[in-house]
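[1] Below are the sequence and a predicted model for it; my questions follow.
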There are 2 protein chains.
Amino acid sequence: MTAFDDLMAHARETAALDNVMTRLGWDQRTMMPHGAAHLRSEELAALETVLHDRRTDPRIGDWLEAAEAPDAAGQAALRELRRSYARNTRVPARLAAELARVTAMGQEIWSQARRDDDVAAFLPVLRQVVALRREEAAALANGGDLYDALMQDYEPGASGAETAAMFDRMRPRLVALREATLARPAPEPLRGTFPQDAQLRIARKLAETFGYDFAHGRLDLTVHPFCAGHGEDVRITTRVVETEPFNCFYSTVHEVGHAAYEQGVDAAHALSPLGRGVSMGVHESQSRIYENQLGRSRAFTGWLFDQMHAEFGPLNLHDADAFYRAVNRVHAGYIRTEADEIHYNLHIMLRFDLERDLLRGELEADDLEDAWNTRFEADFGTPVDRPANGILQDVHWSAGLFGYFPTYTLGNVYAGCLFKAMQADLPELDADLARGDLSAPTGWLRERLQRFGALREPRATIEAACGFTPDEGPLLDYLEAKFGAL
Amino acid sequence: MTAFDDLMAHARETAALDNVMTRLGWDQRTMMPHGAAHLRSEELAALETVLHDRRTDPRIGDWLEAAEAPDAAGQAALRELRRSYARNTRVPARLAAELARVTAMGQEIWSQARRDDDVAAFLPVLRQVVALRREEAAALANGGDLYDALMQDYEPGASGAETAAMFDRMRPRLVALREATLARPAPEPLRGTFPQDAQLRIARKLAETFGYDFAHGRLDLTVHPFCAGHGEDVRITTRVVETEPFNCFYSTVHEVGHAAYEQGVDAAHALSPLGRGVSMGVHESQSRIYENQLGRSRAFTGWLFDQMHAEFGPLNLHDADAFYRAVNRVHAGYIRTEADEIHYNLHIMLRFDLERDLLRGELEADDLEDAWNTRFEADFGTPVDRPANGILQDVHWSAGLFGYFPTYTLGNVYAGCLFKAMQADLPELDADLARGDLSAPTGWLRERLQRFGALREPRATIEAACGFTPDEGPLLDYLEAKFGAL
């Protein structure tokens, strides 16, 4: 056994244990009896201790020093392991444990505070989370920017300054598009009640249509849909609101996009550091292109209209054009997760600016609500009516996930680039989508991107798939063309 | 922190990780996508390595030497930890790993061999399993009896000689009862098709009636029903054959008995060595008394008859007496898990004698099929028609579980003792059962036995609950009274 082999064998076992952690998280959000929360927290803490000990095992440092990669995949694996080892050994164990404890508590308190619209109840733990994450960022940043240091957990290679510059370029075109669209009469929404069983039948059919592999996954109900797992076992979830079937359908397609990336990685990378999506932004590019560029297209919504008609009989929307307009209705709502393709990015920009200021000490937790409300009214044109529709709507900050939000818009930008390249390669795309045949676009994504897992760095992953340097242009062109014509 | 505190904190974390292993096992048998088996085996192996390392951590030896228990519960916890540490450190890591590998493979091969009725395909791995378990038994036995050494894993304090003596005392009365019963005309069986949804509604109602706590558990479908978990998260499973609803109902009640023990342990013992059932025999006493003495009683089957009538309308069995006779139909079938209360113990005696000879070198794997078939015909009066109905019917030996089978009959014996004591304490028992009110007997079992977990040794647990020294007398008296009157 060479140092490289030892390192890979150790990493493989760690990845297997990390999969177990992922499965526990899935269980907690789909299957766990509600009375088991306290026991589960002890189980998670015990497994987290095992994982932390493995990830900071000093032998890794020795192996990394001596390891020689036999090929490009080996070099990429070493890159990922170096990053992980440096990240985990820079943070003192005391701080890591404290962060785990406080963010677990933070999510509990946030959940209650959101239910009660009670910002004051949330502020003390938010202050603690911010202080601890600033301390962690300082340990990671090595003198550099605190926000950038945290972004690396979600999007290696990204920086706050580059992200801010891109958002500044995007904002004027998004605002102009939003105003032009809202100035036109609002389309008729879908009305009616759509029973859970029938919604789930269509959701399963959508998942199959988009290539989800049920032999290596399953679809269950949950409160906030997610996708969990890698390789042979990648599970998706959805939710059902009987009056809002698009919620269930597009949540499902979104999670199928995430799952396609994980299920599509070359089996040779299984349990290696390359055997999973390379970053949150690249992951989100997959879920977004499935959900939006493909799933909400005029061509595909025509197929979905027929499916709904077959399952539910006549709808209040009489033809596929009216259906397409309802699916793509633009409105300035409070809630990020319910936003249309234009407003979604404005939601992200608001959060990005606030959390960056927060991390760098230019804004304090106590002033966050005012800052949110002022900014929201300026960007969206209406005042926030209550905290659950404002500062308390997202779980992220209670969990300490500062630096995560911009990856959502980065995913949209990457999806825009991929879609441009895909359209150039697949002249029959619209005809395929209109018959519900997704094999060409999903095959294109698997071939160009998904199968490589974490072989290349995030931006390089997108660039190799598209054949050009990614920027925000294609997304904005796509949005202007789509919503200009609607 | 004293040595005792250190030891308990370490044991608590190990117990939490062991719970995680249990949850993976549950997932594998209820939820896991069928294509995930290979990945899962790597996850299980990684977690098993972590657990084995923790259980043989040399600090445990030091702590055990220095630890002083503050009370009786502490002394009992030390007893359990001493047993576990001695057990795990006596077996070389190489042998433990080899056993894990070969028994995992053994179960795969057995499953295929049973499907194909192919004993020859099973024999090579059976030889390996027997050789490895003999080697392990020698390491554990310290010069003592090999079979006794393995029995300690399932029933601490039990011995092959005592078990054999008890079985010798039981056999004549069981054989006489079997012959007298079979000499009478067979009762009419239940006929018809009972849809899955309706069977599961009754199964859930049965579980609730027997006190199963759904806030700390759940009921799912599986191939071979089982119960998994401890304390706050104890999950049960059942199966449905549409023409045999008793299979689903009594599997459910059986697993509820196991679950009641785990859910009933005093919360103060959670994640301690006392926070679970003390042995397989005591565990089985709970599942058997729920299933048989309570669930198959004349009084309770009257209530069940009404439930089935309400759910399914008129049955071919016209009254509760005919229904009771059908539930308790005695027949000399091939399959242990489908056996009535009399034949079940004859199935166990056959397996016990063969596996004891096998372990002690008085029988070889190659001669096992002949030995089984000869013995079966002698005991049951009919020749085995095919290996899937004979030597290949049970998973146990392929998994290396030698010494496990006798705990099933020991559980029946203990259930007989508990039922005798319960009847003396609860004069209204039959009236309660007839109305489907199980609160008195299940409360009696929780109060007298379940809440103590592993506080006392197995036999002492039963003796404390009953108030007398347990033996086979009460079970045989109960069976003779019940089947004599039928």
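    That came in fine, so what should we check first?
[2] So for stretch A:395-404, mean pLDDT?
    What stretch A:395-404 shows for mean pLDDT is 96.
[3] ok now that stretch, how far from the chain's centre?
    13 Å (CA atoms, centre = their mean, to the nearest Å).
[4] how long is it end to end?
    Using CA to CA, to the nearest Å, the end-to-end distance of stretch A:395-404 comes out at 11 Å.
[5] and A:Q393, how many residues sit next to it?
    A:Q393 has 19 neighbouring residues, counting by other CB atoms under 10 Å in any protein chain shown. Bear in mind the C-beta positions are built from the backbone N, C-alpha and C, glycine included.
[6] check contacts around it.
    Contacts of A:Q393 were listed using CB atoms under 8 Å, 6 or more residues apart in numbering or on different chains, and they are A:R114, A:Y334, A:I335, A:R336.
[7] Look up how far A:G436 lies from it.
    Distance, A:Q393 to A:G436, by CB to CB, to the nearest Å: 34 Å.
[8] Over to A:E68?
    Separation of A:E68 from A:G436 (CB to CB) stands at 49 Å.
[9] Which residue of those two possesses the greater neighbour count?
    Shown here are A:E68 and A:G436; by other CB under 10 Å, A:G436 has more neighbours (17 against 10).
[10] How about the contacts made by the nearest residue to A:W444 once chain neighbours are set aside?
    Once flanking residues are discounted, A:W444 sits nearest to A:M422: 5.4 Å by CB to CB, 6 or more residues apart in numbering or on different chains. By CB under 8 Å, 6+ apart, the residues touching A:M422 are A:I289, A:L429, A:P441, A:W444, A:L445.
[11] gap between the third one and A:F246?
    As judged by CB to CB, A:P441 and A:F246 stand 21 Å apart.
[12] Which of these two has more residues huddled nearby?
    Between A:P441 and A:F246, counting by other CB under 10 Å, A:P441 is the more crowded of the two (25 against 19).
[13] What parts of chain A come near chain B?
    Selection of chain A residues close to chain B by CB under 8 Å from any CB of the partner chain yields A:12-14, A:16-17, A:19-20, A:23-24, A:27, A:31-36, A:38-40, A:42-43, A:45-47, A:49-50, A:213-218, A:231-233, A:235, A:270-271.
[14] which stretch of helix or strand covers the nearest residue to A:R23 once chain neighbours are set aside?
    Sequence neighbours aside, B:D27 is the residue nearest to A:R23 in space, at 6.5 Å (criterion: CB to CB, 6+ apart). In the assignment (DSSP states H and E), B:D27 maps to helix B:3-30.
[15] quick one, that helix and helix A:3-30 angle?
    Angle of helix B:3-30 versus helix A:3-30, following axes from the mean of the first three to the mean of the last three CA atoms, to 10 degrees, is 80 degrees.
[16] Grab the nearest non-local neighbour of the closest residue to chain B within the stretch 51-200 of chain A.
    Nearest residue of the stretch 51-200 of chain A to chain B: A:R54, at 8.8 Å (CB to the nearest CB). Closest residue to A:R54 apart from its sequence neighbours, by CB to CB, 6+ apart: A:T14 at 4.8 Å.
[17] Pick out whichever of the contacts of A:Q393 sits closest to chain B.
    Closest approach to chain B among the contacts of A:Q393 (CB to the nearest CB): A:R114, at 23.7 Å.
[18] could you pull out the strands for chain A?
    In chain A, the segments counted as strands under DSSP state E are A:219-221, A:227-230, A:233-238.
[19] Which residue, other than its chain neighbours, is closest to the most centrally placed residue in chain A?
    Compute the mean C-alpha point of chain A, and by CA atoms, centre = their mean the closest residue is A:E284, 4.7 Å away. If the residues on either side of it in the chain are set aside, A:E284 comes closest to A:G411, at 2.4 Å by CB to CB, 6+ apart.
[20] could you show me where the helices are in the stretch 301-450 of chain A, in order?
    A:320-327, A:343-359, A:368-380, A:406-425, A:429-434, A:439-448 (DSSP state H, counting those that start in this stretch).
[21] Please convert these to JSON lines, extending it with distance to A:M105.
    As requested, these are arranged in JSON lines below (distance: least, CB to CB, whole Å):
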{"stretch": "helix A:320-327", "distance to A:M105": "39"}
{"stretch": "helix A:343-359", "distance to A:M105": "19"}
{"stretch": "helix A:368-380", "distance to A:M105": "19"}
{"stretch": "helix A:406-425", "distance to A:M105": "25"}
{"stretch": "helix A:429-434", "distance to A:M105": "46"}
{"stretch": "helix A:439-448", "distance to A:M105": "39"}
